[in-house]
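Colleague: Provide a 3D model corresponding to the input given below.
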Amino acid sequence: MEKKMTSDEARFELLQLLGEAGREQSGLLPYLEELEKKCKRLEDENRKYRDAAARRASSAASMNSRLKDALRE
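Modeller: Numbers count the residues shown, from 1 in each chain. Sure, this is the predicted structure:
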């Protein structure tokens, strides 16, 4: 199984490559940081929506059982 690279390792490797190429002032690092922020924000939003959907589903299930109880009486 291949080891997953951390963002610090990727940043260090990119700095090494840019240094070897003589292009230390590349705009890739700020772009990479912006992508990491966007990814984190999307993960947080996804978690929030997943939790909200789970709460709605459990709420709907309980309402359904209350309706069934009322119909039985």
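Colleague: burial count for Arg11?
Modeller: Arg11: 16 surrounding residues under other Cβ atoms under 10 Å. From N, CA and C alone the C-beta is placed, and that goes for glycine too.
Colleague: gap between the spatially most central residue of the chain and Lys37?
Modeller: Computing the C-alpha centroid of the chain and ranking residues by Cα atoms, centre = their mean puts Glu43 first, at 2.0 Å. Using Cβ to Cβ, to the nearest Å, we find Glu43 at a distance of 11 Å from Lys37.
Colleague: check contacts around Glu36.
Modeller: Ser7 (Cβ atoms under 8 Å, 6 or more residues apart in numbering).
Colleague: flag the shaky bits of this protein, pLDDT-wise.
Modeller: 1, 57-63 (pLDDT under 70).
Colleague: what ranges does it have for its helices?
Modeller: Secondary structure of the chain (DSSP state H): helices located at 7-21, 28-72.
Colleague: most neighbours per residue, which of these?
Modeller: Compared across the helices of the chain, helix 7-21 shows the largest average neighbour count, a mean of 12 (mean count of other Cβ atoms under 10 Å).
Colleague: which strands or helices does that one pack on?
Modeller: For helix 7-21, the contact count by 3 or more Cβ pairs under 8 Å, 6 or more residues apart in numbering; DSSP states H and E identifies helix 28-72 as packing neighbours.
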